[in-house]
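[1] Generate a structure from the sequence data that follows.
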Amino acid sequence: MVNRKSSTKDTIVDAAILLFNIKGFDGTSIRDIAKKAKVNPANISYYFEGKQGLLEKCFIQFFEAYIEFIEEEVNLLKNDRPDYCMKRAVYKILAFQSKNHHLSRFVWREVSIDSQIVREITSSYLMKERYLYKKLIEAIVPDHYLESNIGYLIIQLRSLMTMPFLNSQYLREVWNLFPQENYFVEKYYEKIDEWIETNIINQPRKINIPI
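    Have a look, this model is predicted:
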């Protein structure tokens, strides 16, 4: 019975992610989701208390995994080289977004729109994201030695990692690139690796010359 309940919930979530990605949150109705999932609309109200509950479920499903990948590597800083930890976190996030490309595109698109749930996400998950990235970068180069503002580095790195999934249609139509493919993840990671080497690991250091 528990497995059946879990299976029904997963089916509803998968249908919602697909439709939210294609039609947008506002353009998708409970009936649309129920039809796609082949369930009674009442099931959606029962499990998620409506469409808003489904939206929250999508955000939580995405950001719990996303944050965990970074947190895992921050926790390994005491045992491993910080540049390795940073690069592993980046690769894990790229692979996760590629595997869940519909969810990734939808979430990043929704996060760009001001709403109550986005403000809640920002105050919890995205503030923690900033803290964890800062820990990784400062483990490689202390903030007071960096020529670039650490906030700008985090913004640039984050943009590199989210852009292909937020703009997946552009990549497909214009460049014939497919972010959901393993090949894309491998090749794109190589470019981010180069960026990390140039802009974080080997960035010119500020030198304080005593007067």
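[2] Please report how far Thr122 lies from Gln116.
    As judged by CB to CB, to the nearest Å, Thr122 and Gln116 stand 11 Å apart. For the C-beta atoms, the positions are set from N, CA and C on the backbone; glycine is no exception.
[3] And these two? Which one has more around it.
    The residue with more neighbours, out of Thr122 and Gln116, is Thr122; 14 against 8, by other CB atoms under 10 Å.
[4] Show me where this structure has its helices.
    2-23, 30-37, 41-48, 51-75, 82-99, 101-111, 116-121, 127-140, 150-166, 168-175, 182-196 (DSSP state H).
[5] what's the residue lying closest to Pro179 once chain neighbours are set aside in contact with, if anything?
    Excluding its sequence neighbours, the residue lying closest to Pro179 (CB to CB, 6 or more residues apart in numbering) is Pro164, at 4.3 Å. Residues near Pro164 by CB atoms under 8 Å, 6 or more residues apart in numbering: Gln97, Leu171, Leu177, Pro179, Phe184, Tyr188.
[6] ok, so what distance separates Pro164 from Ile60?
    Taking CB to CB, one finds Pro164 at 23 Å from Ile60.
[7] Which of the contacts of Pro164 sits closest to Gly151?
    Nearest to Gly151 among these, counting by CB to CB, is Gln97 at 22.4 Å.
[8] check contacts around that closest one.
    Ser104, Met161, Thr162, Pro164, Phe165, Pro179.
[9] ok, 6 Å please
    Going by CB atoms under 6 Å, 6 or more residues apart in numbering, Gln97 touches Ser104, Phe165.
[10] Test for you: state the pLDDT assigned to it.
    Model confidence at Gln97, given as pLDDT, is 98.
[11] before we move on, what about Met1?
    Predicted confidence (pLDDT) for Met1: 44.
[12] same deal with the one 5 residues further on?
    Confidence at Ser6, expressed as pLDDT, is 69.
[13] ditto for Tyr133
    Among the per-residue scores, Tyr133 shows a pLDDT of 97.
[14] Please consider this matter closed, and thank you.
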